[in-house]
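**Q** Structural data only, the sequence is not supplied:
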């Protein structure tokens, strides 16, 4: 289609463009007045047992302890672990972010700390979700040591390094509005062109089924 044909098609289907404008305005209003989201975050550290050589547990955070913590995180991220979290009452969006001392390409989990995040509609509810995740994580650590019959004096322990704290999440509205505007522009244009083509073909089929009546042409007698 030439640009002139596109313009004529859009003018013919102005009502489709009007509907696209209304839907785009509704989407923009939703982005300008989103539902409140609060993100709670906490940091857990898996501490090694107290020893005579190193009574300060935080100064003895060795990579083997980090390996155990990361193994527990993998358990919770498995389908069975997600089902266990749901059974514990964890709902909504959450993340388990172990401390990565490497890069995104080659991660290295050398420090046994874990950041837990949860998004909810209220600050208290978000904090409660984080507490539930921390509880399930702690239970996994204890069950893992119970299965290995670890003595009480040699057991690792999970503790909150940073307690749950909620903040109101505010997105970048300019990007959201730009995305809504582009979606409305392209979506409305494509829908208008498709509607024009569809209705044009439909009209052509109707014309083909019902040809216009033609009066027969009689020869004019020649004058004598």
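**A** Perfect, I can see it now. This is a predicted model, so every value here is computed, not measured.
**Q** all contacts plus neighbour counts: C-alpha atoms, from now on.
**A** Will do.
**Q** mind listing the helices for the protein?
**A** Using DSSP state H, the helices of the chain run over 3-12, 14-32, 63-77, 79-87, 123-147, 173-209.
**Q** Find the centremost residue of this protein, please.
**A** Residue closest to the average C-alpha location in the chain (CA atoms, centre = their mean): residue 93, at 8.4 Å.
**Q** if I read this right, that residue contacts residue 118, doesn't it?
**A** Yes: with contact defined as CA atoms under 8 Å, residue 93 reaches residue 118; the gap is 5.8 Å.
**Q** How many residues are close by the closest residue to residue 89 other than its chain neighbours?
**A** Excluding the flanking residues, the one nearest residue 89 by CA to CA, 6 or more residues apart in numbering is residue 132, at 7.3 Å. Applying other CA atoms under 10 Å, we find 17 residues neighbouring residue 132.
**Q** among the helices of the chain, which is nearest residue 161?
**A** Nearest of the helices of the chain to residue 161, taken as CA to CA: helix 123-147 at 11.6 Å.
**Q** Next, the angle helix 79-87 makes with the closest one.
**A** Inter-element angle recorded for helix 123-147 and helix 79-87: 130 degrees (by axes from the mean of the first three to the mean of the last three CA atoms, to 10 degrees).
**Q** what angle separates helix 123-147 from helix 63-77?
**A** On the basis of the same axes, to 10 degrees, helix 123-147 is oriented at 120 degrees to helix 63-77.
**Q** Show me the protein divided up by domain.
**A** 1-34+171-190, 38-168 (automatic domain parsing).
**Q** can you give me the end-to-end distance of the last one?
**A** Spelled out, that is domain 38-168. Using CA to CA, to the nearest Å, the end-to-end distance of domain 38-168 comes to 4 Å.
**Q** list the contacts for residue 47?
**A** By CA atoms under 8 Å, 6 or more residues apart in numbering, the contact list for residue 47 reads 57, 58, 60, 61, 65, 112, 156, 157, 158, 159.
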